[in-house]
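Peer 1: Any chance you can model this:
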Amino acid sequence: MMFVDEKELLKAIEKGESEILEFKPSLSDLNRIVEVVCSFSNKTGGTVLIGVDDKKNLKPAERILGVQIGKDALEKIANKITDNSDFPLYPTISIEKTADKNIIKIDIKESKNKPHTAFHRPFTRVGDITKLMDRTEYERLLLERKKADYDIQPVEEANYNDISQDAVNEYKRKYEIINEKKIYASNEELLKTLHCVDKCLKPTVAGILLFGKEPQKFLIKSYTTIVRYPDVKVTDRHIDSKDFYGNLFDQVNEADKYIREHMQVVSKIPKFGLKRKDIPVYPYFAIRELIVNAVAHRDYSLYGSRILISMFKDRIEFFSPGSFPKGITPENIVNAQFSRNPVIARVFHDVKYIEEYGNGIDRLLEEVKNHPLKPRMPEFADIKSAVIATLYKPDVRKFEMEAFDLNERQKKAIEYIKQYGKIDNKEYQTFCRTTKPTATRDLQELIEKNILTKIGKKGRGTYYMMSQL
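Peer 2: Okay, the predicted model is just below:
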């Protein structure tokens with residue numbers, strides 16, 4: 001809790017103790033102070049003011065007792081807290097002055113490694129009271145911490161022989177080229193530094209996923225599936241389905257390649273004979289960024305789920321197992337930074353699979369915003385068991401109508417077909433008030449530009465419909 005000046009300090013004292021503020025009259029009960037600091041770290045953080053009476057019936061000025069500060073007092077308090085907390089807590093300790101009296105201020109932030117214990121017991125904060133944490137809450141926090149640290153957990157069934165030295169060497173090669181730095185460490189030492197193996201060379205979850213010979217042998221669902229559907233809904237009938245196995249680098253590269261090969265590209269043909277420009281309906285960077293995000297940030301402790309990418313007629317959905325971490329929402333994802341798997345994220349960052357921490361989503365949105373086909377902006381949804389990111393396909397037909405040099409008759413005919421589903425040569429002549437040779441020439445041009453499809457060979461049964469893109 002920051003106090004800009006003495007006035008703010010007095011105002012906080014006047015308000016009294018709360019879920020984030022505790023008063024202690026002296027240093028006589030340091031053990032209890034350690035417990036309070038522990039409770040703050042296990043909730044949302046807080047401040048202890050030593051030298052302030054905690055009696056509620058006193059006026060603010062009467063509460064300020066001050067405290068004698070001996071030699072190395074602050075260091076002794078810090079050591080007392082650190083030595084008797086597990087994981088060790090490192091608060092910020094300072095001295096505030098008011099009414100010529102010293103007040104010791106101890107600030108502790110909410111911990112990412114909770115639950116912490118003080119003297120081997122977990123404490124929590126309920127209102128203005130520090131109390132022992134119940135077993136259910138303690139075990140829940142332990143489970144969350146285990147998930148948060150999941151990618152550095154050792155894979156018990158694996159050994160160092162399950163690491164592909166070729167994959168490690170490829171990482172070193174890319175790192176040295178991109179960063180213009182030589183890696184002199186052996187593969188074993190490098191993997192230890194990256195937390196991909198432990199000190200006994202036992203592969204971690206991150207090590208197996210990034211450099212394993214057969215990652216799916218140990219983490220069965222650690223693969224990616226892409227399914228292509230003919231329309232806008234999930235059905236039993238699909239165009240194609242493919243699974244991508246191997247390490248995470250391979251999955252990203254192969255999934256990215258597959259989507260690029262199976263996504264539509266529209267062509268803009270400028271006037272005056274300039275070179276044709278091919279425009280992918282989805283920005284290439286956006287596709288790769290969402291694949292990388294799904295792979296790098298999914299919850300690998302959820303054994304029954306895989307990454308699923310669904311390609312529909314109007315969008316692509318990226319399904320990544322595991323909800324957003326605490327504090328991250330679809331609304332603040334652009335500004336917030338998080339990584340459920342910090343080891344995987346770091347290794348990806350080292351070789352520019354992740355460009356800069358926290359900048360990927362920003363650039364993704366910028367790429368979509370500036371896309372020449374003007375698609376709808378991406379959406380992110382947390383469905384508790386997973387995060388779904390959606391890229392929307394732009395109105396390609398509208399773009400192609402603008403891109404082609406169509407005459408007014410052809411434009412009118414296209415609107416007619418949109419309303420009635422089809423048109424024949426005679427209807428074209430009547431609706432556009434033109435001759436048969438002109439109608440025939442106009443319709444043939446629309447076929448050649450792949451805007452219309454001719455149904456029937458010739459004669460009265462022949463008509464024209466919009467081409468299926």
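Peer 1: Kindly state the domain boundaries assigned to the protein.
Peer 2: When the chain is parsed with automatic domain parsing, its domains come out as 6-145, 152-215, 224-397, 405-466.
Peer 1: The ones you listed into JSON lines, with extra columns for mean pLDDT and mean neighbour count?
Peer 2: From N, CA and C alone the C-beta is placed, and that goes for glycine too. Shown next, in JSON lines, are those (pLDDT from 0 to 100; neighbours: other Cβ atoms under 10 Å):
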{"stretch": "domain 6-145", "mean pLDDT": "91", "mean neighbour count": "17"}
{"stretch": "domain 152-215", "mean pLDDT": "96", "mean neighbour count": "17"}
{"stretch": "domain 224-397", "mean pLDDT": "88", "mean neighbour count": "16"}
{"stretch": "domain 405-466", "mean pLDDT": "90", "mean neighbour count": "15"}
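Peer 1: For stretch 5-21, measure first residue to last.
Peer 2: End-to-end span of stretch 5-21 (Cα to Cα, to the nearest Å): 17 Å.
Peer 1: what's in contact with it?
Peer 2: Residues outside stretch 5-21 that contact it (Cβ atoms under 8 Å, 6 or more residues apart in numbering) are 1, 3, 23, 40, 43-47, 49, 52, 54, 56, 60, 63-64, 96-98, 103, 125-128.
Peer 1: next one: stretch 370-378
Peer 2: Under Cβ under 8 Å, 6+ apart, the answer for stretch 370-378 is 266, 268, 279, 281-283, 286, 290, 364-365, 368-369, 389-396, 399.
Peer 1: Just these: which are in helices?
Peer 2: Among those, the ones falling in helices (DSSP state H) are Ala286, Leu290, Leu364, Leu365, Val368, Lys369, Val396, Phe399.
Peer 1: Next, the contact list for the fifth one, please.
Peer 2: In other words, Val368. Contact analysis of Val368 by Cβ under 8 Å, 6+ apart lists Pro283, Ala286, Pro375, Met377, Pro378, Leu391.
Peer 1: Can you lay out the ones in helices among the contacts of stretch 370-378 as a markdown table showing distance to Ile414?
Peer 2: Shown next, in a markdown table, are the ones in helices among the contacts of stretch 370-378 (distance: Cβ to Cβ, whole Å):
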| residue | distance to Ile414 |
| --- | --- |
| Ala286 | 30 |
| Leu290 | 34 |
| Leu364 | 33 |
| Leu365 | 33 |
| Val368 | 27 |
| Lys369 | 28 |
| Val396 | 14 |
| Phe399 | 14 |
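Peer 1: for the residues you listed, which one is nearest Gly456?
Peer 2: Proximity of the ones in helices among the contacts of stretch 370-378 to Gly456 (Cβ to Cβ) peaks at Val396, which lies at 26.2 Å.
Peer 1: For that closest one, give its distance to Ile239.
Peer 2: To Ile239, Val396 is 18 Å away according to Cβ to Cβ, to the nearest Å.
Peer 1: and what of Leu290?
Peer 2: Leu290 is 20 Å from Ile239, by Cβ to Cβ.
Peer 1: got it, and Phe249?
Peer 2: From Phe249 to Ile239 the distance is 27 Å (Cβ to Cβ).
Peer 1: Partner strands of the longest strand anywhere in the chain and their direction?
Peer 2: For the chain, the longest strand by residue count, based on DSSP state E, is strand 101-109. As defined by DSSP bridges, the strand partners of strand 101-109 come to strand 45-50 (antiparallel), strand 92-98 (antiparallel).
Peer 1: now the ones you listed as CSV including distance to Ser385?
Peer 2: Formatted as CSV, these follow (distance: least, Cβ to Cβ, whole Å):
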stretch, distance to Ser385
strand 45-50, 29
strand 92-98, 38
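Peer 1: Nearest to Arg121, out of the ones you listed?
Peer 2: Set against Arg121 and scored by Cβ to Cβ, the strands paired with strand 101-109 come closest in strand 45-50, at 18.0 Å.
Peer 1: residues making contact with whichever helix or strand comes after the closest one?
Peer 2: Counting by DSSP states H and E, the next helix or strand C-terminal to strand 45-50 is helix 60-63. Contact with helix 60-63 is made by Leu10, Ile13, Glu14, Phe23, Val52, Asp53, Asp54, Lys55, Ala99, as judged by Cβ under 8 Å, 6+ apart.
Peer 1: can you do 10 Å?
Peer 2: If you take Cβ atoms under 10 Å, 6 or more residues apart in numbering as the criterion, helix 60-63 is touched by 9-16, 23, 25, 49, 51-56, 98-99.
Peer 1: Stretch 323-334 now?
Peer 2: For stretch 323-334, the external contacting residues (Cβ under 10 Å, 6+ apart) are 110, 112, 144, 147-148, 293, 297, 299, 335-340, 358, 361-362, 364-365, 379-389.
Peer 1: which residues in the stretch 251-400 of the chain form strands?
Peer 2: Assigned by DSSP state E, counting those that start in this stretch, the strands in the stretch 251-400 of the chain fall at 265-268, 277-280, 307-311, 315-321, 379-382, 386-392.
Peer 1: what's the closest of these to Lys449?
Peer 2: Among the strands of the stretch 251-400 of the chain, strand 265-268 comes nearest to Lys449, with 10.0 Å by Cβ to Cβ.
Peer 1: Return the list of helices and strands in contact with the closest one.
Peer 2: With contacts taken as 3 or more Cβ pairs under 10 Å, 6 or more residues apart in numbering; DSSP states H and E, strand 265-268 sits against strand 277-280, helix 396-403.
Peer 1: That one: how far from the chain's middle?
Peer 2: The chain centre lies 31 Å from the centre of strand 265-268; the measure is Cα atoms, centre = their mean, to the nearest Å.
Peer 1: again with stretch 386-402
Peer 2: Offset of stretch 386-402 from its chain centre (Cα atoms, centre = their mean): 21 Å.
Peer 1: swap in stretch 158-176?
Peer 2: When distances are taken as Cα atoms, centre = their mean, stretch 158-176 is centred 26 Å away from the chain's centroid.
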